[in-house]
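Peer 1: predicted model, plus sequence, below.
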Amino acid sequence: MEVAAVPPTTSTGLQPSQRRRRPAPTLWSRVKRSPSAVFGLLVIGLLIAAAVFAPWVARNNPAEQFSDGLTIDGRPLPPNARFWLGTDLLGRDLFSRLIYGARVSLLIGVAANAAALSIGTLFGTVAGYFKGWTATVFMRFTDMMMAFPALILAIALAAILRPSLWIVALVIAMVNWVWIARIVYGQVLAISQREFIDAARVLGVPTSRILWKHLLPHLLPTLLVWGTLGISTTVMFEASLSFLGVGVRPPTPSWGGTINESQSYFLEAPWLVAFPGIGILLTSLAFNLVGDALRDAVDPTLRGRA
């Protein structure tokens with residue numbers, strides 16, 4: 001007499017097929033496992049809060065020149081109880097100027113990077129999907145733009161366009177989109193060869209719907225990572241332009257502009273250079289840490305690790 005095989009059970013009396021599968025970790029759960037990413041998010045949160053609530057966080061008007069903001073011989077004051085980070089060459093509160101400078105850096109960083117992402121995604125998607133002469137024209141123009149040194153091109157454009165806050169953001173976007181276009185082009189070339197894209201074409205799905213509903217969702221992880229990392233690059237770019245005198249114009253406070261104004265006092269008043277430099281360093285580091293964590297989180301080779 002044959003005995004029917006009984007499926008093995010677990011200690012809870014359930015068959016393996018009946019056990020509830022462990023849910024896949026979400027993007028946030030992957031990112032928060034990284035202490036460096038949490039530190040970066042904390043720094044970014046503090047910077048955003050300081051920029052948004054600058055009128056309440058800053059102790060003084062950043063453009064006001066205080067009569068007691070200089071020493072008797074006309075030198076900047078070091079950090080003290082009244083001026084937490086000291087004063088600059090004109091007797092203005094350095095702490096207040098750095099808080100408002102954070103607003104300028106973040107605004108330009110987000111705006112310029114969003115514009116660069118949009119232009120780069122458009123060029124890369126159109127060239128990668130349509131191929132042929134379209135790809136040749138678009139990508140050769142991209143190569144031509146990449147041939148120019150980015151900083152020199154940005155200086156030339158800024159000098160011609162008489163820089164303001166939005167002009168600086170536009171100039172930075174015009175020199176940064178090329179790298180994104182190259183990356184998107186490679187991704188779209190690979191995705192457009194997959195079966196679900198071919199099936200959509202055969203079924204007569206409009207091209208605009210294929211691009212929006214099928215291609216773009218597969219690009220979002222890459223765009224998210226590059227969007228975060230790009231803000232770090234953009235903040236550094238804005239600081240460089242302001243330091244060279246072709247960025248945000250005075251009296252608008254900016255970190256690079258503050259360093260430019262104070263470079264002759266580097267030895268006598270080092271805080272004028274050190275504190276803006278620390279602001280630039282922390283901002284770039286924070287966005288880089290978060291971008292690296294996002295890159296690891298969306299990497300398919302890491303999704304199986306838990």
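Peer 2: Everything's here; your move.
Peer 1: tell me where the stretch 51-200 of the chain has helices.
Peer 2: 54-57, 94-130, 132-147, 150-161, 165-191, 195-202 (DSSP state H, counting those that start in this stretch).
Peer 1: pipe these into a markdown table and attach distance to residue 69, mean pLDDT and mean neighbour count per row.
Peer 2: For every residue, glycine as well, the C-beta is placed using N, CA and C. Shown next, in a markdown table, are those (distance: least, Cβ to Cβ, whole Å; pLDDT from 0 to 100; neighbours: other Cβ atoms under 10 Å):
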| stretch | distance to residue 69 | mean pLDDT | mean neighbour count |
| --- | --- | --- | --- |
| helix 54-57 | 19 | 90 | 13 |
| helix 94-130 | 10 | 91 | 22 |
| helix 132-147 | 45 | 88 | 13 |
| helix 150-161 | 31 | 80 | 16 |
| helix 165-191 | 26 | 88 | 21 |
| helix 195-202 | 64 | 85 | 12 |
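Peer 1: of the ones you listed, which is nearest residue 80?
Peer 2: Comparing the helices of the stretch 51-200 of the chain by their distance to residue 80 (Cβ to Cβ), the top pick is helix 94-130, with 10.9 Å.
Peer 1: got the angle between that closest one and helix 165-191?
Peer 2: Put simply, helix 94-130 runs at 30 degrees to helix 165-191, going by axes from the mean of the first three to the mean of the last three Cα atoms, to 10 degrees.
Peer 1: show me what helix 94-130 is packed up against.
Peer 2: Here helix 94-130 touches helix 35-52, helix 54-57, helix 132-147, helix 165-191, helix 216-243, helix 255-262, helix 271-298, going by 3 or more Cβ pairs under 8 Å, 6 or more residues apart in numbering; DSSP states H and E.
Peer 1: quick one: residue 87 and residue 63, what's the gap?
Peer 2: Relative to residue 63, residue 87 is positioned 13 Å away (Cβ to Cβ, to the nearest Å).
Peer 1: who has more neighbours out of the two?
Peer 2: residue 87 (29 against 15; other Cβ atoms under 10 Å).
Peer 1: contacting residues for the closest residue to residue 180 other than its chain neighbours?
Peer 2: Leaving aside its sequence neighbours, residue 180 sits nearest to residue 120 (Cβ to Cβ, 6 or more residues apart in numbering; 2.8 Å). Shown in contact with residue 120 (Cβ atoms under 8 Å, 6 or more residues apart in numbering): 176, 177, 178, 179, 180, 181, 183, 184.
Peer 1: what's the neighbour count on the nearest residue to residue 67 once chain neighbours are set aside?
Peer 2: Leaving aside its chain neighbours, residue 67 sits nearest to residue 91 (7.2 Å; criterion: Cβ to Cβ, 6+ apart). Residues near residue 91, counting by other Cβ under 10 Å, number 19.
Peer 1: good, wrapping up.
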